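S.K.: Coordinates for the following, if possible.
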Amino acid sequence: MLTFEIRHQDPGSKARAGIIQTAHGVIETPVFMPVGTAGSVKAVHIRDLKEDVRARIILGNTYHLYLRPGTEILKQAGGLHRFNGWDRPILTDSGGYQVYSLAARRKLTDHGVVFQSHIDGSRHSFTPEGVMDIQRIIGADIIMAFDECTPYPCSYDYARKSMHLTHAWLTRCIQHIAATEPLYGYYQTLFPIVQGSVYGDLRTQSAEFIASMEAAGNAIGGLSVGEPEEIMYELTDLVCDILPSNKPRYLMGVGTPANILEAIALGVDMFDCVLPTRNGRNGQLFTRNGIINIKNERWKNDFSPLDPEGDSFVDSQYTKAYLRHLFVAGEMLAPMIASLHNIRFYLWLVDQARWHIESGDFSTWKNAMIPRLKQRL
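M.R.: Residues are numbered from 1 along each chain as shown. Okay, the predicted model is just below:
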């Protein structure tokens, strides 16, 4: 079964460094999970995730994997680990975010969701039980409860009804997981998800309900969907104070490097976000001194490494001038280098956070780093 042990606590904040043990290996926290939506982290080889950036865990998505390649193929392959060659932990998002993002293509009921595929318009149904079955077939180590992610802004009444629906679905998810067995001989751990939009009293109710489930880990959803950062931090702080301190906390879909450091200080352990690869494919690089748009003319004859301090996160042979040239020329290598650089930067950042938590000076380091990370170079 999944276990979690806190090894160090920062004296100046709620940040902590811990160890999550899964069937496919150990995850040191705080951790960032590269997003491999359809079984692949876009523009990045599995080999590079293992050997170069040394990712500890990646994320897959139930909705996308259900549509392509489909559950029959995944089951024949023996699960996603064998299908894509990734032998370390995997977490799967249940598809709740796609329920949110496909608002024009779905019908929501107490029973579940009927939606149209974004690929071919075909109609499909997701229920809590069905989503658990799909995640059994995918074979992820950590599986997420089926929830509804509320949009921002939304009314208090909508947020309240949505929260209660998420709680009802969670109960069904827990019951179905208890009544079924893993398919590939190792344990799968279900994480519930706190909802409640931007309303503090709803977030409190939801966090208390989720905590009462006594799951091995818990997630915070429905944030980073357009609300001001200050509200995201306020609600994350509120929820982290309610969720059990001896269980890992996962803030879903967050975020920028600065967001991650602020949330670590509030007691969050796990993160995922598409920004490193999505922004990398469009020429944006995250560095220790700020954010670079590598397509800008100013980098045309800059032969320094991609990160201005020390060696590049990818390879010192790749300079800003060379990467800019690749983007301007439309070379496929450009988004590959940029995506790999950004993922490695994110993993470097959470590793540094862990090191400073262990050293007892995380808060001082964080407060000095955040203004640098936000700069536009």
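
S.K.: count of residues packed around R324?
M.R.: By the other Cβ atoms under 10 Å criterion, the neighbourhood of R324 contains 23 residues. The C-beta positions use only the backbone N, C-alpha and C, and glycine is treated the same way.

S.K.: which one is it nearest to, not counting chain neighbours?
M.R.: Once its chain neighbours are removed from consideration, R324 has its nearest residue in W299; the separation is 4.6 Å (Cβ to Cβ, 6 or more residues apart in numbering).

S.K.: repeat for K247
M.R.: Once flanking residues are discounted, K247 sits nearest to G217: 5.3 Å by Cβ to Cβ, 6+ apart.

S.K.: Quick check: phi and psi at the residue nearest to R324.
M.R.: phi -90, psi 10 (degrees, to the nearest 10).

S.K.: Give me the local confidence score for it.
M.R.: Per-residue confidence at W299 stands at 98 (pLDDT).

S.K.: which residues touch it?
M.R.: W299 sits next to I292, K320, A321, L323, R324 when contact means Cβ atoms under 8 Å, 6 or more residues apart in numbering.

S.K.: rerun that using 7 Å as the cut-off
M.R.: With contacts defined as Cβ atoms under 7 Å, 6 or more residues apart in numbering, the neighbours of W299 are K320, A321, R324.

S.K.: in what helix or strand does the second one lie?
M.R.: Following DSSP states H and E, one finds A321 within helix 320-329.

S.K.: how far out from the middle of the chain is the helix or strand just after that helix?
M.R.: Helices and strands here follow DSSP H and E; after helix 320-329, the next one along the chain is helix 333-359. Using Cα atoms, centre = their mean, to the nearest Å, we find the averaged C-alpha position of helix 333-359 to lie 14 Å away from the chain's own average C-alpha position.

S.K.: got it, and stretch 353-362?
M.R.: Chain-centre distance of stretch 353-362: 22 Å, with Cα atoms, centre = their mean.

S.K.: what residues does that stretch touch?
M.R.: Residues from elsewhere that reach stretch 353-362 (Cβ under 7 Å, 6+ apart): 8, 10-13, 15-17, 28, 30, 261, 264, 365.

S.K.: before we move on, what about stretch 58-74?
M.R.: The contact list for stretch 58-74 (Cβ under 7 Å, 6+ apart) reads 33-39, 41, 49, 80, 83, 86, 90-95, 98, 117, 119, 131, 134-135, 137-138, 140, 272.

S.K.: Let's see that stretch as PDB, backbone CA atoms only.
M.R.: Output in PDB follows, covering the C-alpha atoms of stretch 58-74 (Å, rounded to 0.1, in the frame of the first residue of the first chain):
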ATOM      1  CA  ILE A  58       4.400  11.200 -14.400                       C
ATOM      2  CA  LEU A  59       0.700  11.900 -14.800                       C
ATOM      3  CA  GLY A  60      -1.700  10.300 -17.300                       C
ATOM      4  CA  ASN A  61      -5.300  11.300 -18.100                       C
ATOM      5  CA  THR A  62      -8.200   8.900 -17.900                       C
ATOM      6  CA  TYR A  63     -10.400  10.800 -20.400                       C
ATOM      7  CA  HIS A  64      -7.700  10.900 -23.100                       C
ATOM      8  CA  LEU A  65      -6.400   7.400 -22.600                       C
ATOM      9  CA  TYR A  66     -10.000   6.000 -22.600                       C
ATOM     10  CA  LEU A  67     -10.500   7.600 -26.100                       C
ATOM     11  CA  ARG A  68      -7.100   6.800 -27.400                       C
ATOM     12  CA  PRO A  69      -5.700   4.100 -27.500                       C
ATOM     13  CA  GLY A  70      -8.700   2.800 -25.600                       C
ATOM     14  CA  THR A  71      -9.100   0.400 -22.700                       C
ATOM     15  CA  GLU A  72      -8.900  -2.800 -24.800                       C
ATOM     16  CA  ILE A  73      -5.400  -1.900 -26.000                       C
ATOM     17  CA  LEU A  74      -4.200  -0.800 -22.600                       C
END
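
S.K.: can you offset everything so residue one is 44?
M.R.: Let's use 44 as the start, then, which means that last one is stretch 101-117.

S.K.: What subset of the contacts of stretch 396-405 is buried?
M.R.: By the neighbour-count criterion of 16 or more other Cβ atoms under 10 Å, the contacts of stretch 396-405 include these buried positions: H51, D53, S56, A58, R59, A60, P73, L304, I307, W408.

S.K.: give the contact list for A120.
M.R.: Taking Cβ under 7 Å, 6+ apart as the contact definition, A120 lies against F126.

S.K.: What's the separation between A120 and A202?
M.R.: According to Cβ to Cβ, to the nearest Å, A120 stands 39 Å off from A202.

S.K.: Quick one: low-confidence residue ranges for the stretch 244-393 of the chain.
M.R.: Judged by pLDDT under 70, the stretch 244-393 of the chain has its weakly predicted residues at 351-359.

S.K.: okay, now R321: neighbour count?
M.R.: A count of nearby residues for R321, using other Cβ under 10 Å, gives 15.

S.K.: Distance check, it against T80.
M.R.: When distance is defined by Cβ to Cβ, R321 is 11 Å away from T80.
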